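Trainee: Any chance you could fold what I've pasted below:
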Amino acid sequence: MKLDDRIADLAGPVAEAVGLMVDSVTVSAAGKHTRVLVTVDLPQDAVGSADLDTVAAASRAIGDALDEANVPSGAYLLEVSTPGTDRPLTLRRHFLRARTRLVTLEMANGDAVTGRIIEVTDTDLVLDHDGEVRTVALADVTLGRVQVEMKRLD
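Mentor: Predicted structure coming up:
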């Protein structure tokens, strides 16, 4: 089993215990140490973002689980973070987490579509595009990006 998969298996249950899910694990060399980056997020059915106290609790629990299992063996640097607004939206679960957010979508035909995600179905994104509802097939989206709003209307 690959090291990042083993770490994800150890981190997943302890992250879930504090209300988060493991989004990804990246392992890389950092000098004489191993750098372990665990990206956590709220469950895909949640709207909003993880607070720092919850991320800190996940970090402590993940560190304890890795230390107990001696994975990775040797010295390592653990970083636990959230995906942030600059994460590319490429998977259905990314779009689920971006519900209520303003996004720009790059389409397979080269067009760009901007709108607020209202709903995500198994096959489509439903957007509010300037007050009109527009449905876009997930299969036609090559990449999505959350647009940072300085003053968002709720």
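
Trainee: and the protein, what are its domains?
Mentor: Using automatic domain parsing, the domain ranges for the chain come out as 3-81, 92-146.

Trainee: Need these in a markdown table (columns: mean pLDDT).
Mentor: As requested, the domains of the chain are exported to a markdown table (pLDDT from 0 to 100):
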| stretch | mean pLDDT |
| --- | --- |
| domain 3-81 | 93 |
| domain 92-146 | 95 |
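
Trainee: In TSV: these, plus mean neighbour count.
Mentor: Just so you know, the C-beta spots here come from the backbone N, C-alpha and C atoms, and that holds for glycine as well. Below are the domains of the chain laid out as TSV (neighbours: other Cβ atoms under 10 Å):
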stretch	mean neighbour count
domain 3-81	16
domain 92-146	15
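
Trainee: quick one: which helix or strand includes the residue nearest in space to the middle of the chain?
Mentor: The C-alpha lying nearest the average C-alpha coordinate of the chain belongs to Pro83 (Cα atoms, centre = their mean; 4.6 Å). Per DSSP states H and E, Pro83 falls between elements, in no helix or strand.

Trainee: same question, the one 3 residues further on
Mentor: With secondary structure defined by DSSP H and E, Asp86 is part of neither a helix nor a strand.

Trainee: Per-residue pLDDT of it, please?
Mentor: pLDDT, Asp86: 84.

Trainee: Over to Arg152?
Mentor: Looking at Arg152, its pLDDT is 60.

Trainee: just the strands in the chain please.
Mentor: 21-30, 33-41, 76-81, 102-107, 112-120, 124-129, 132-137, 141-146 (DSSP state E).

Trainee: Packing partners of the third one?
Mentor: It refers to strand 76-81. Here strand 76-81 touches strand 33-41, helix 52-69, going by 3 or more Cβ pairs under 8 Å, 6 or more residues apart in numbering; DSSP states H and E.

Trainee: I'd like these written out as JSON lines, with distance to Asp4 added.
Mentor: Shown next, in JSON lines, are these (distance: least, Cβ to Cβ, whole Å):
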{"stretch": "strand 33-41", "distance to Asp4": "8"}
{"stretch": "helix 52-69", "distance to Asp4": "12"}
